[in-house]
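J.: Predicted coordinates and the sequence they were generated for:
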Amino acid sequence: MYKAAIIIDSEQPTGLLANSVACIASGLFLDGKDYVGPEIQGKDVTYIPITKIPILILKPGNRSLFELCKQARGMNLKFMAFTKEGQSTTDYNQYEKRVSGLPLDSVTLVGLGVVGEEKVVNSLVGSLPMLR
């Protein structure tokens, strides 16, 4: 069984926090055949695919997003780091220019998404507090 978690900087204003979660989810589940269900045909509408696995929305607690990101990489989880550099532009080309070639420790992380085997994800995020 798979599981996903989005760990977010809860100090962001509500609009930026919601934007971060949306951006992370869109990137994390891109090409995620194992994580996303098929379209569902209603009577007068087609319902778009949504995830078929649990997604936790968490705060980093007393851990840094940078530390969690490095740990996710070491655990071979699929992960997606979301940066302030990406959040502060509406032009994807500008975002690409801002972060291309930069090491992780030179950007400002505002969120992290991970997906993988439930047991592995739990070992990374099991002690993190829920976003409320």
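T.: Done, it's in.

J.: show me where the protein has strands.
T.: Remark: strands of the chain, listed N- to C-terminal, are 2-8, 40-41, 46-47, 55-58, 78-83, 109-117; assignment by DSSP state E.

J.: can I get those in a markdown table with mean pLDDT and mean neighbour count?
T.: All C-beta atoms are positioned from the backbone trio N, CA, C, and that covers glycine. As requested, those are arranged in a markdown table below (pLDDT from 0 to 100; neighbours: other CB atoms under 10 Å):
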| stretch | mean pLDDT | mean neighbour count |
| --- | --- | --- |
| strand 2-8 | 96 | 23 |
| strand 40-41 | 96 | 10 |
| strand 46-47 | 96 | 10 |
| strand 55-58 | 96 | 18 |
| strand 78-83 | 94 | 21 |
| strand 109-117 | 96 | 24 |
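
J.: residues in contact with the spatially most central residue of the chain?
T.: Central residue of the chain (CA atoms, centre = their mean): G113, 2.4 Å from the mean position. Residues counted as contacts of G113 (CB atoms under 8 Å, 6 or more residues apart in numbering) are 4-7, 24-25, 27-28, 79-80, 82.

J.: quick revisit: would you list the strands of the chain in a markdown table and tack on distance to V99?
T.: Below are the strands of the chain laid out as a markdown table (distance: least, CB to CB, whole Å):
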| stretch | distance to V99 |
| --- | --- |
| strand 2-8 | 18 |
| strand 40-41 | 36 |
| strand 46-47 | 34 |
| strand 55-58 | 24 |
| strand 78-83 | 6 |
| strand 109-117 | 11 |
